[in-house]
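Peer 1: Okay, predicted coordinates and the sequence, questions at the end:
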Amino acid sequence: MPAPIPRHRFRYGSAELDLGEDLLAPWFEKHPSKKSALLAPGYWATYGVPDGLLTIMDLSVADARNLRTGLRSVTGDVWPEPDDRVMTWLSRLLVLPQGRGCTVLEIRKGRLTAERGFDEAGFHKFKEEQFEYFCLTDDYEALKAAARLDFERLEQEARRKDAGRGYRTFDSAAFDRSVAGNILLHCRELLAD
């Protein structure tokens, strides 16, 4: 039995890597009419950066009639024009695991603006430095303010339900640990050198 095809793949150079995350989910949330019953059971997507543009190379659905792969491409049905396949709405960092290291791609409005390769130790150091620089940004302050408001709202609800409950304060250290652990999800650009 052949190995299952990863649902989200990324073509990088001559390699096709398992991305492990769905880059299209936010787009389908904004365009629910495009996610028809055809895509409802799930889909397989392949992304790439030809000519420096983050592009949906293929979008496929299960098809029992295809005996070779079991998949059928619906890319042209969802995005009839090739220019519409460029993911101009996406700005973030993408991590592509490669052996014992990885490559981090910086994507701004669908354009590849920077890329850096790391070994395992270098990647760990990079994430620490990325967090330190992120703490100096307005994005960090906005994220912390939103987390504090959510915490206060939940605390007020809990005190309403249990009048004897003591007051807990927002734990900034726990917030920082959480952000540091997921720093590449919070950053949209490479901040560390």
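Peer 2: Arrived safely, thanks for sending.
Peer 1: and the helix or strand of the chain with the lowest mean pLDDT, how far out from the chain's middle?
Peer 2: Within the chain, no helix or strand scores below strand 71-73, which has a mean of 82 by mean pLDDT, DSSP states H and E. From the chain centre to the centre of strand 71-73 is a distance of 24 Å (C-alpha atoms, centre = their mean, to the nearest Å).
Peer 1: quick one: strands adjacent to that strand?
Peer 2: As defined by DSSP bridges, the strand partners of strand 71-73 come to strand 55-62 (antiparallel).
Peer 1: For the strand it pairs with, give me every contacting residue.
Peer 2: Identification of contacts with strand 55-62 by C-beta atoms under 8 Å, 6 or more residues apart in numbering yields 11, 24, 38-39, 41-50, 69-75, 78-79, 85-87. C-beta: built from backbone N, CA, C; applies to glycine.
Peer 1: again, only this time at 6 Å
Peer 2: Strand 55-62 has contacts (C-beta atoms under 6 Å, 6 or more residues apart in numbering) with 38, 43-46, 48, 71-75, 78, 85-86.
Peer 1: go on, stretch 116-125?
Peer 2: Contacts of stretch 116-125 (C-beta under 6 Å, 6+ apart): 100-104, 126.
Peer 1: Endpoints of that stretch, how far apart?
Peer 2: 13 Å (C-alpha to C-alpha, to the nearest Å).
Peer 1: in that stretch, what counts as buried?
Peer 2: 116, 118, 123 (16 or more other C-beta atoms under 10 Å).
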